[in-house]
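Colleague: need a structure here:
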Amino acid sequence: MAPRCTVSAIVFSGRPDPVWTISEREREMVARFWARLAPTRTGPPAAPVLGYKGVSLACSSGERWFAYGGVCAHADAHGAEEFRADPDRAFERALVNTAPKGAVPVEF
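Modeller: Model (predicted):
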């Protein structure tokens, strides 16, 4: 059985962030974006205190991704982490674009 995956856009302080579940097809699409990204040694930049702070994907398999500011981080089920460059923010945008219409109050 495919893992269940949820996306969260980190945009609010003081109220819950939008969270939604993605389909297996969407998860595969995101995985293809990830596979095309080049490795980097640098993690995501610091996010501002207010406003959009990135997007995360968490799967029941234990894998987690976080994307912000042109860098993506991935942690496997054992916690091993790697970073990849996303200069066009394609991976980040792909995750945000899986949101139900109107769920995320930011645009790229």
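
Colleague: can you verify residue 34 is assigned to a strand?
Modeller: No. Going by DSSP: H, G, I helix; E, B strand; the rest coil, the assignment for residue 34 is helix, not a strand.

Colleague: my guess is it meets residue 85, correct?
Modeller: No. In this structure residue 34 lies outside contact range of residue 85 using C-beta atoms under 8 Å: 11.6 Å. C-betas here are computed from N, CA, C, even on glycine.

Colleague: so what touches the helix or strand bottoming out on mean pLDDT in the chain?
Modeller: Within the chain, no helix or strand scores below helix 24-36, which has a mean of 90 by mean pLDDT, DSSP states H and E. With contacts defined as C-beta atoms under 8 Å, 6 or more residues apart in numbering, helix 24-36 is touched by 2-3, 5, 22, 57, 59, 65, 72, 74, 84, 90-91, 94-95, 98.

Colleague: where does the chain dip in pLDDT?
Modeller: Counting by pLDDT under 70, the chain contains low-confidence ranges at 107-108.
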